[in-house]
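Trainee: Prediction below, plus the sequence it came from.
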Amino acid sequence: MNCVRLRLFFVLNCLWLGSSSGSDPDDPLLVVELPQGKLRGRDNGNFYSYESIPYAEPPIDDLRFEAPLAYAQKWLDTFDATRPPVVCLQWDQFTPGDNKLAGEEDCLTVSIYRPKSSSRNGLPVVGHIHGGAFMFGAAAQNGHENVMREGKFILVKISYRLGPLGFASTGDADLPGNYGLKDQRLALQWIKANIASFGGEPENILLVGHSAGGASVHLQLLREDFSQLAKAAISFSGNALDPCVVQQGGRGRAFELGRIVGCGLPADSATLKKCLKSKTASEIVSAVQSFLIFSYVPFAPFGPVVEPLDAPDAFLTQDPRDVIKSGKFGQVPWAVTYVTEDGGYNAALLLEESNKCGKTLLEELNDRWSDWAPYLLFYRDSKKAIEEMDDYSRKIRQEYVGDQRFSSQNYWELQMLFTDVLFKNSTQDSLDLHRKHGKSPAYAFVYDNPADRGIAQVLTKRRHINFGTVHGDDYFLIFENVVRDPQLRPDEKSISRNFISMLADFALSDNGTLTYGECVFQDNVGSEKFNLLLIGKNGCQNKQYVQFP
């Protein structure tokens, strides 16, 4: 899959180079003045791009495992903003082969895309946080052609630290973690301060993200001063309450990371941190493979944590549930979403062949359920005893498949289990807390319209299985991704336009109204039942539920 990405990158790069070769070098919109100096972007025909603009000092050497520092360098020459953003160093699930190391440690940049055609002098702004389980992914892997074609807003893609470099934590002030979240926040501050120079409206900023990006958006919103950085937010198929997001056990994983890279058994966190800083970034990130029990499971061994109160530059010091209950979070309009078979991304991994006599991992799961389920569903560190963990494993298996053995015949039930536990239940829980403790509108939608080829088909290399509407089938209609069919069906083209208009209108709305096509979202704050917008092939419909469908 990475080879496909690479080919796509070179093709797009050639197109960019070709489109810019005929542009006017004296076009004033190509050159932008910032406090650091001048930068030159690229004319791509129907839009301008300004890529790889640093918002933080490189997080290397002594700045590794530290909160980011705002970029303070001055440019003596005009900065070249025509280079696509690099991938932050990661152990990438989608890189084929055993060596999945990709990217660079010095990667903290924003990339800006501004459409040419607009009836407005200024444009609303959509900040974008990419997904990837906090472990992998990149700004460049979510496209902008669909958005630029519609010409309704400026898009800003944020790159942030991932995996152990972004989230290793010992749970104390010496190595508190959440560096990737702190990167995102600094990037948002940069956007707020500088986007006017690109024709953007700093008072009309919408923050969006998908999967871990959606959870990141929610976590950013849980900062009480979020309203100073953005006007509204949407979390697609990911929120702060997803079980893979804020996990326990981070301290043990941080010290295990040190042992793997040769730090031995440090006496304390400060000693561990000093040793980790002495190692190469590649050594640290390559250690991720030692935390995987098979394939890319668990898919988020490093992620956000609750930091101690005395941590310097702390980002999150309470469980997200407690933050929402306190009411002390960013009171801006927020929407949270899921798709009907979100868990297909996770369940599809089990259709891979194991190394045992041609068996699939799904077949092997029958004998390994008690061992694997706590990693697959992220409750290994939340249970107090092995007996409690085993009881829960038996209970949840019984609830979805009863006494049946796992097989291709009941794959749909397993996929439903993953959807409910990893996505849908926590989406409902988040919305429930916001409707009870929030003051600004809280919206929700569920999307049901399967792609002809989505992430489940890519992971399994199987086209004949009906996976339903899987993780990303909606989001990648807005920000195209190589895991989804590039050629959209007529119904998908219409949905794509509606989604893009939805983002633009939400960023501009003065009263927090959210619309999709002809449908106006219903607010959940103060509502006894859940107001859920159903979006599918044939349109949209508002419905009320006691429990999510």
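Mentor: Looks like it arrived, so ask away.

Trainee: I'd like the distance between residue 70 and residue 452.
Mentor: 44 Å (C-beta to C-beta, to the nearest Å). Quick note: C-beta positions are derived from backbone N, CA and C, even for glycine.

Trainee: same deal with residue 275?
Mentor: Noted for residue 275: a distance of 49 Å to residue 452, by C-beta to C-beta.

Trainee: next one: residue 204
Mentor: As judged by C-beta to C-beta, residue 204 and residue 452 stand 35 Å apart.

Trainee: same deal with residue 27?
Mentor: Residue 27 is 40 Å from residue 452, by C-beta to C-beta.

Trainee: what does residue 62 give?
Mentor: Counting by C-beta to C-beta, the gap from residue 62 to residue 452 is 49 Å.

Trainee: between those two, which one's more packed in?
Mentor: residue 452 (13 against 8; other C-beta atoms under 10 Å).

Trainee: how about the helices of the stretch 51-200 of the chain, start to end?
Mentor: 145-150, 163-167, 179-194 (DSSP state H, counting those that start in this stretch).

Trainee: pLDDT averaged over the shortest one, what's the number?
Mentor: Meaning helix 163-167. Mean per-residue pLDDT for helix 163-167: 98.

Trainee: elements contacting it?
Mentor: On a contact count with 3 or more C-beta pairs under 8 Å, 6 or more residues apart in numbering; DSSP states H and E, helix 163-167 meets helix 179-194, helix 281-286.

Trainee: for those, which one ends up most surrounded?
Mentor: Here the criterion is mean neighbour count by mean count of other C-beta atoms under 10 Å, and of the helices and strands packed on helix 163-167 the winner is helix 179-194, at a mean of 23.

Trainee: Residue 445 and residue 340 touch, don't they?
Mentor: No - with contact defined as C-beta atoms under 8 Å, residue 445 does not count as touching residue 340 (11.3 Å).

Trainee: Neighbour count: these two, which is higher?
Mentor: More neighbours surround residue 445 than the other of residue 445 and residue 340, with 24 against 21 (other C-beta under 10 Å).

Trainee: Correct me if wrong, but the more buried one is in a strand.
Mentor: Yes - the assignment for residue 445 (DSSP: H, G, I helix; E, B strand; the rest coil) places it in a strand.

Trainee: If we ignore the residues flanking it in sequence, what's nearest it?
Mentor: Nearest residue to residue 445, sequence neighbours excluded (C-beta to C-beta, 6 or more residues apart in numbering): residue 533, at 4.1 Å.

Trainee: Assign the one you found to helix, strand or coil.
Mentor: strand.

Trainee: ok, how many other residues are close to residue 122?
Mentor: Counted with other C-beta under 10 Å, the neighbours of residue 122 add up to 16.

Trainee: meant to ask about residue 538
Mentor: Residue 538 has 8 nearby residues by other C-beta under 10 Å.

Trainee: From residue 491, how far off is it?
Mentor: From residue 538 across to residue 491, the span is 8 Å (C-beta to C-beta).

Trainee: got the helices of the stretch 51-200 of the chain as a markdown table, with distance to residue 315 columns?
Mentor: Formatted as a markdown table, the helices of the stretch 51-200 of the chain follow (distance: least, C-beta to C-beta, whole Å):
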| stretch | distance to residue 315 |
| --- | --- |
| helix 145-150 | 29 |
| helix 163-167 | 11 |
| helix 179-194 | 5 |
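
Trainee: Any idea which of these gets closest to residue 257?
Mentor: Taking C-beta to C-beta, helix 163-167 is the member of those nearest to residue 257, at 5.6 Å.

Trainee: what does the closest one contact?
Mentor: For helix 163-167, the external contacting residues (C-beta atoms under 8 Å, 6 or more residues apart in numbering) are 59, 64-65, 88-91, 105, 134-136, 160-161, 177-180, 183, 250, 257, 281, 284-285, 287-288, 302-305.

Trainee: Go through the residues you listed and flag which are in strands.
Mentor: When these are checked against strands (DSSP state E), the matches are 90-91.

Trainee: For the contacts of helix 163-167, which ChimeraX command selects only the ones that are buried?
Mentor: Selecting only the buried entries of the contacts of helix 163-167 in ChimeraX, with 16 or more other C-beta atoms under 10 Å as the criterion:
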select :59,64,65,88,89,90,91,105,134,135,136,160,161,177,178,179,180,183,250,257,281,284,285,287,288,302,303,304,305
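
Trainee: tell me the domain boundaries of this structure?
Mentor: Partitioning the chain according to automatic domain parsing yields domains covering residues 2-332, 344-545.

Trainee: now residue 428: how far from residue 546?
Mentor: According to C-beta to C-beta, residue 428 stands 10 Å off from residue 546.

Trainee: sorry, back to before: need the winner for burial among the domains of the chain.
Mentor: domain 2-332 (a mean of 20).

Trainee: can you give me the offset of that one from its chain's centre?
Mentor: Centroid separation for domain 2-332 versus its chain: 9 Å, with C-alpha atoms, centre = their mean, to the nearest Å.

Trainee: quick one, which of the helices of the stretch 51-200 of the chain is nearest to residue 156?
Mentor: That would be helix 179-194 among these, by C-beta to C-beta, at 5.4 Å.

Trainee: tell me what the closest one is packed against?
Mentor: Judged by 3+ C-beta pairs under 8 Å, 6+ apart, the packing partners of helix 179-194 are strand 109-115, strand 123-129, strand 154-158, helix 163-167, strand 200-210, helix 212-221.

Trainee: Can you say which of the ones you listed is nearest to residue 95?
Mentor: Each of the helices and strands packed on helix 179-194 was scored for nearness to residue 95 using C-beta to C-beta, and the closest is helix 163-167 (13.2 Å).

Trainee: and that closest one, C-alpha only, in PDB?
Mentor: Taking C-alpha atoms only, helix 163-167 is exported to PDB below (Å, rounded to 0.1, in the frame of the first residue of the first chain):
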ATOM      1  CA  GLY A 163       3.900   6.900  18.400                       C
ATOM      2  CA  PRO A 164       6.400   6.800  21.300                       C
ATOM      3  CA  LEU A 165       8.000  10.100  20.100                       C
ATOM      4  CA  GLY A 166       4.600  11.800  20.500                       C
ATOM      5  CA  PHE A 167       3.100   9.900  23.400                       C
END
